[in-house]
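>>> I'd like to go over a predicted model; first the sequence, then the structure.
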Amino acid sequence: MPKLNALVAGSTGYIGTQLIKILVKHKYINIKYLCGNSSVGKSISFYEKSLSKYKLPKIRKFNKNLLDDVDIIFTALPNGEAQDLSKHLNKKNILIDLAADFRLEKASEYKKWYKQKHRAIKLIKKSIYSLPEINRKEIKNYNIISSPGCYPTSILLPLIPLINKNLVKVSNIIIDSKSGYSGAGRGVHKKYKNKNLYDSLSAYGVGNHRHNSEIDQMLKKFSKKKIEVSFTPHLSPMFKGILSTIYLDLNRNVNMTKVLGLLTKFYKQEKFVKISKSNTLISTNDVINTNNCLISVCKSKFHNKIIILSAIDNLIKGGAGQAVQSLNNRYNFPETTGLI
């Protein structure tokens, strides 16, 4: 089949350059346009040297007329900008947003967590929150696809199957997540200029991080119960990777073996979710530069509790790779295309 033409808006950020590194190897994609603001006229290799060997278009400013020439639009833009762009989509366009513009099902929740009004409310119901391992069959029905946040990806993949089968209590879920500083974008170096970014570990967004909204929304959908989740993210002195540690209370007649068995069975056919042997001490090093999520079920010192470790590369499985997974599902390409 002929290649699909793609436009990448927000092409110079960490997520944007990672996406381009995947798309140049995708046999069904031609990168037609790269768009940015302050970077107009520059080559993408200025931001990512490894892309210098590919013939790619110079970065240009986005305008709606470009949409006539492309099939797919990837947006890795500041929150709100994909909503503006979405109003100009034509019937053949597929929008895959890597920011938060269509992650929440209620405009009121978006305003609560992102402190701005949603500017494309009518399109919310025409979009889908896309976790391919969970809802890939539905992705084909939507032209606006929202990629989950990096933290929620590492958290929801292990939790949704357990909550859906009522194996764990939902009244006291505690999550401690640590991310490489690339998750905060290129501006992190200026923001943390005087805070010893490369040698210290920093907690942030305690009790009110925006990704709480995604986690709550999806867990409520699968549990049909009131959810109580305590989520604390940390910025770690490494470039990329996420390790989430999840503390869970087991329901009656449930043990660690049953939890491990369910996760193993649920993800048995999946290419990108790997379940380790029980009590395996995993690390971000196990998943860096892959689209994998690695999950380990560990015992607690309390018989009625377990600890789950979940590791991903925040820029790939937590960002660009998962977006390409959604692309592949939307167009019925083999799901691993461009990712292995």
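Noted; the coordinates are in hand.

>>> so where do the helices sit in this protein?
Assigned by DSSP state H, the helices in the chain fall at 14-23, 81-86, 107-114, 132-139, 150-164, 188-191, 211-223, 256-266, 321-330.

>>> Just the CA atoms of the lowest-mean-pLDDT helix or strand in the chain, as PDB, please.
Across the helices and strands of the chain, mean confidence by mean pLDDT, DSSP states H and E is lowest for helix 188-191: a mean of 76. This file holds the C-alpha atoms of helix 188-191, laid out as PDB (Å, rounded to 0.1, in the frame of the first residue of the first chain):
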ATOM      1  CA  VAL A 188      13.400  21.300  32.900                       C
ATOM      2  CA  HIS A 189      17.000  22.400  32.700                       C
ATOM      3  CA  LYS A 190      16.100  26.000  33.200                       C
ATOM      4  CA  LYS A 191      13.400  25.300  35.800                       C
END
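
>>> How many residues are close by Asn30?
A count of nearby residues for Asn30, using other C-beta atoms under 10 Å, gives 14. Any C-beta I mention is one placed from the backbone N, CA and C, and that applies to glycine too.

>>> Look up the closest residue to it, ignoring the ones flanking it.
Lys3 (4.2 Å; C-beta to C-beta, 6 or more residues apart in numbering).

>>> again, but for Val8
Here the residue nearest Val8, using C-beta to C-beta, 6+ apart, is Phe74, at 4.8 Å.

>>> so who does that neighbour touch?
Residues near Phe74 by C-beta atoms under 8 Å, 6 or more residues apart in numbering: 6-9, 19, 96-98, 323.

>>> Rebuild those residues as JSON lines, extending it with pLDDT.
Listed next are these as JSON lines, based on pLDDT from 0 to 100:
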{"residue": "Ala6", "pLDDT": "98"}
{"residue": "Leu7", "pLDDT": "98"}
{"residue": "Val8", "pLDDT": "98"}
{"residue": "Ala9", "pLDDT": "97"}
{"residue": "Leu19", "pLDDT": "98"}
{"residue": "Ile96", "pLDDT": "98"}
{"residue": "Asp97", "pLDDT": "98"}
{"residue": "Leu98", "pLDDT": "98"}
{"residue": "Ala323", "pLDDT": "98"}
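
>>> Show only the entries of the residues you listed found in strands.
With strands taken from DSSP state E, the overlap with those comprises 6-9, 96-97.

>>> and which of those residues is nearest Ile282?
Ile282 lies nearest to Ile96 out of those, by C-beta to C-beta, at 28.7 Å.

>>> what about Phe62, distance to Ser202?
34 Å (C-beta to C-beta, to the nearest Å).

>>> Between these two, point out the one with more neighbours.
Phe62 (23 against 15).

>>> can I see the domain layout of this structure?
Domains of the chain are assigned by automatic domain parsing as 4-147+318-330, 151-314.

>>> for the ones you listed, which one sits closest to Ile340?
domain 151-314 (7.4 Å).

>>> Endpoints of that closest one, how far apart?
Taking C-alpha to C-alpha, to the nearest Å, domain 151-314 runs 8 Å from one end to the other.

>>> try stretch 59-66
End-to-end for stretch 59-66, by C-alpha to C-alpha: 13 Å.

>>> Identify all contacting residues around it.
With C-beta under 8 Å, 6+ apart as the criterion, stretch 59-66 contacts 7, 9, 11-12, 32-37, 39-44, 85, 88.

>>> Now, of those, which are buried?
By neighbour count, with 16 or more other C-beta atoms under 10 Å, these hold 7, 9, 11-12, 32-36, 39, 44, 85 as buried.

>>> Mind checking which of these land in strands?
Checking these against DSSP E, those in strands are 7, 9, 32-35.

>>> can you tell me which two in these are farthest apart?
Within those, Ala9 and Lys32 form the most distant pair, 11.9 Å apart (C-beta to C-beta).

>>> Can you name the residues that contact Asn30?
3-6.

>>> Revised request: answer the last question for Thr284.
Thr284 makes contact with 180, 238, 240-243, 311, 313 under the criterion C-beta under 8 Å, 6+ apart.
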